[in-house]
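Asker: Just to be clear, the model below is a prediction. Sequence and coordinates:
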Amino acid sequence: MSMIETFSLNKTFRQAIKDPGLKGSIKHFFTQQYRDKTAVNGIDLKIEEGESVAYVGPNGAGKSTTIKMLSGILVPTSGTLRVNGLVPHEDRIRHAKQIGVVFGQRTQLWWDLPVRESFSLLKDIYEIPDPLYKKNMDRFNDLLGLHEFSDLPARKISLGQRMRADLAAALLHNPPLVFLDEPTIGLDIAVKSRIREFVKNINQKEGSTILLTTHDLEDIKDICRRLVIIDKGRIIYDGTLEKITDAFAQERTLHFQVREPVSSISGIIANLPGVTADQVNELSFSVKFNRFQYSAGEIASKIITSADVIDFRIDEPSIDQIIRKLYNGELILQEEQPSEAIRS
Ligand SMILES: Nc1ncnc2c1ncn2[C@@H]1O[C@H](COP(=O)(O)OP(=O)(O)OP(=O)(O)O)[C@@H](O)[C@H]1O
């Protein structure tokens, strides 16, 4: 049985059409015009137990709406979904016990209570047995350093501390499935890396299934093996990060620095079809090539035998640039690209 299975999942919202300002609100009160906004449009998604999946897409793509349906907060307009054997919105209480949810923008801690009191309230709410509670608190203390701030009320702790506490709060009851909605938003590099390590730990050591939405592509590289890209409510890619890199990161650039000016770079690369060169200044130039056509070693040795090279480095398009181009419609995923999982 899959951990998550959706078929033709749709969610349409009714949005009010109104002009801005008070005048618009008064007019809307009398005329009441609405339009339908399809936020999620025919999502078929299967996630197996123990997978770690990044669910990414531009703003407004439908990520949060999907997570809200999967966590039972929203009822789908049509289609079916099953999460660990339950239909989330039909069985909300039982479902809540089998998931952990972290929203980077919101906290589930009690604002005025010391953080440790929030944990103890959650222990009662989820009916967590004493030994499990103690085991998890010890583990989370080790991994997330909760003791540094657990006597303080949630309103007094920093954003990074709040996120560490929220992660612990969401996982105290050992849920087999964890939804993380932007868990590293606004955090510094050190806290981000601590959180990524923690999430990897619960996925790899505890076997928890992870569904992560993020705009920080470093999160994906670190945590997830599978990437699902959604745009305008539809899945446009479902596969590994490597496959998308293979499809689009074909171009490599070698940058060279030389001791003496080179008279003709185009002459040096003349018998390498498809390779292009750019003179940066008298003593440096770059050479672009397709990595499926040539190896970096081939290109470098060709240049080194013809020029007095003192240094060189290689650049490849970052996954960040590739995914941003996909969002902007500058790259189109096509059937013939080397990815079996690409959807039209
Ligand atoms: N309660 C709602 N009522 C009306 N429209 C909504 C509601 N919730 C979401 N939408 C609309 O549905 C679309 C998808 O929103 P959603 O929040 O799922 O996107 P997202 O991918 O999570 O975006 P972001 O990265 O900005 O958080 C948007 O156009 C949004 O305006």
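Answerer: Looks like it arrived, so ask away.
Asker: now the strands for the chain?
Answerer: In the chain, the segments counted as strands under DSSP state E are 4-17, 33-47, 52-56, 78-83, 99-103, 177-181, 209-213, 226-231, 234-240, 251-258, 276-281, 284-290, 309-315.
Asker: These into a markdown table, with extra columns for mean pLDDT?
Answerer: Output for the strands of the chain, formatted as a markdown table (pLDDT from 0 to 100):
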| stretch | mean pLDDT |
| --- | --- |
| strand 4-17 | 91 |
| strand 33-47 | 92 |
| strand 52-56 | 93 |
| strand 78-83 | 96 |
| strand 99-103 | 91 |
| strand 177-181 | 94 |
| strand 209-213 | 94 |
| strand 226-231 | 92 |
| strand 234-240 | 90 |
| strand 251-258 | 92 |
| strand 276-281 | 92 |
| strand 284-290 | 93 |
| strand 309-315 | 93 |
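Asker: Could you export those strands to a markdown table, including columns for distance to Lys302?
Answerer: Placement of C-beta: from N, CA and C, glycine included. As requested, those are exported to a markdown table (distance: least, Cβ to Cβ, whole Å):
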| stretch | distance to Lys302 |
| --- | --- |
| strand 4-17 | 50 |
| strand 33-47 | 47 |
| strand 52-56 | 39 |
| strand 78-83 | 55 |
| strand 99-103 | 51 |
| strand 177-181 | 47 |
| strand 209-213 | 43 |
| strand 226-231 | 35 |
| strand 234-240 | 32 |
| strand 251-258 | 10 |
| strand 276-281 | 11 |
| strand 284-290 | 9 |
| strand 309-315 | 11 |
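Asker: Minimum distance to Ile220: which of these has it?
Answerer: strand 52-56 (4.2 Å; Cβ to Cβ).
Asker: Measure how the closest one sits relative to strand 209-213, angle-wise.
Answerer: 20 degrees (axes from the mean of the first three to the mean of the last three Cα atoms, to 10 degrees).
Asker: what about strand 52-56 and the ligand, touching?
Answerer: No. Figure legend: strand 52-56 not in contact with the ligand (Cβ under 6 Å from any ligand atom); closest approach 8.8 Å.
Asker: With mean neighbour count as new columns, can the strands of the chain be given to me in a markdown table?
Answerer: Output for the strands of the chain, formatted as a markdown table (neighbours: other Cβ atoms under 10 Å):
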| stretch | mean neighbour count |
| --- | --- |
| strand 4-17 | 16 |
| strand 33-47 | 16 |
| strand 52-56 | 24 |
| strand 78-83 | 17 |
| strand 99-103 | 23 |
| strand 177-181 | 23 |
| strand 209-213 | 25 |
| strand 226-231 | 21 |
| strand 234-240 | 19 |
| strand 251-258 | 18 |
| strand 276-281 | 13 |
| strand 284-290 | 18 |
| strand 309-315 | 13 |
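Asker: Please identify which of these is closest to Ser158.
Answerer: Closest among the strands of the chain, using Cβ to Cβ: strand 99-103, at 16.5 Å.
Asker: tell me the contacts of Phe119?
Answerer: Counting by Cβ atoms under 8 Å, 6 or more residues apart in numbering, Phe119 touches 137, 150, 168-169, 172.
Asker: Tell me how far Ile99 lies from Thr213.
Answerer: For Ile99, the distance to Thr213 equals 14 Å [Cβ to Cβ, to the nearest Å].
Asker: I misspoke; the intended subject was Tyr34.
Answerer: Distance from Tyr34 to Thr213, by Cβ to Cβ: 28 Å.
Asker: any weak-confidence spans in the stretch 1-150 of the chain?
Answerer: By pLDDT under 70, the low-scoring segments of the stretch 1-150 of the chain are 28.
Asker: Next, give phi and psi for Ser158.
Answerer: Main-chain torsions, Ser158, degrees, to the nearest 10: phi -70, psi 170.
Asker: I meant to write Gly72 there.
Answerer: phi 90, psi 0.
Asker: which residue packs closest to it, ignoring adjacent ones?
Answerer: Spatially, and ignoring its direct neighbours in sequence, Gly72 is nearest to Pro88 (3.4 Å; Cβ to Cβ, 6 or more residues apart in numbering).
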